[in-house]
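Enquirer: Here is a sequence together with a model predicted from it:
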Amino acid sequence: MADDLDPERSTILNRIRNGLTQVWPAKPIGYLPLYTIHDVLQMDPHALAQDAEANGLSAILVAPDQCCIKSGALYIFDRQSLEKMLQSYRPILQTSDWPLDPDQFVARIAREWIDPAHSVAPVIRHAFGEDAV
């Protein structure tokens, strides 16, 4: 990480990185735009993905042309925690025609920008560790 000598900047950069890499049952998905990883954190998204996978997590790198995020994005997720969470929201997801499979769910989040009023938006917020349904 660049500028490790400035403690305030280092703290900010660590918080940004942790938003991506620190996933657990209450926050089964993290993501960052590739721009942020490259230009702000000055890190390699492939290396971050490999580190996540080495620690038992899943990672999906999404290219700009396949992502609702302009620069593309890296998603890191805990497959088992996400699967359990998705099962708890089965009725909402099925009614909205959203996948229950963790990999497909993350891929769809990456592809589609969801309006906050959409029926599945609270489930997505919960997946990112925000307010639960």
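Expert: Perfect, I can see it now. Residues are numbered from 1 along each chain as shown.

Enquirer: low-scoring stretches of the protein, by residue?
Expert: For the chain, applying pLDDT under 70 flags the ranges 1-5, 132-133.

Enquirer: Determine the longest helix present in it.
Expert: helix 7-21 (DSSP state H).

Enquirer: tell me which residues of it are tucked away?
Expert: For helix 7-21, the neighbour count (16 or more other CB atoms under 10 Å) marks 13, 17, 19-21 as buried. Where C-beta positions appear, they are placed from N, C-alpha and C, glycine not excepted.

Enquirer: Pull that helix out as PDB, backbone CA atoms only.
Expert: What follows is helix 7-21, C-alpha atoms only, in PDB (Å, rounded to 0.1, in the frame of the first residue of the first chain):
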ATOM      1  CA  PRO A   7      -0.600   7.100   9.700                       C
ATOM      2  CA  GLU A   8      -3.900   8.800   8.900                       C
ATOM      3  CA  ARG A   9      -3.700   7.900   5.200                       C
ATOM      4  CA  SER A  10      -2.700   4.300   6.200                       C
ATOM      5  CA  THR A  11      -5.800   4.000   8.500                       C
ATOM      6  CA  ILE A  12      -8.100   5.300   5.800                       C
ATOM      7  CA  LEU A  13      -6.700   2.900   3.200                       C
ATOM      8  CA  ASN A  14      -6.900   0.000   5.600                       C
ATOM      9  CA  ARG A  15     -10.600   0.800   6.200                       C
ATOM     10  CA  ILE A  16     -11.300   0.800   2.500                       C
ATOM     11  CA  ARG A  17      -9.500  -2.500   2.000                       C
ATOM     12  CA  ASN A  18     -11.300  -4.000   5.000                       C
ATOM     13  CA  GLY A  19     -14.600  -3.100   3.400                       C
ATOM     14  CA  LEU A  20     -13.700  -5.600   0.700                       C
ATOM     15  CA  THR A  21     -11.800  -8.300   2.500                       C
END
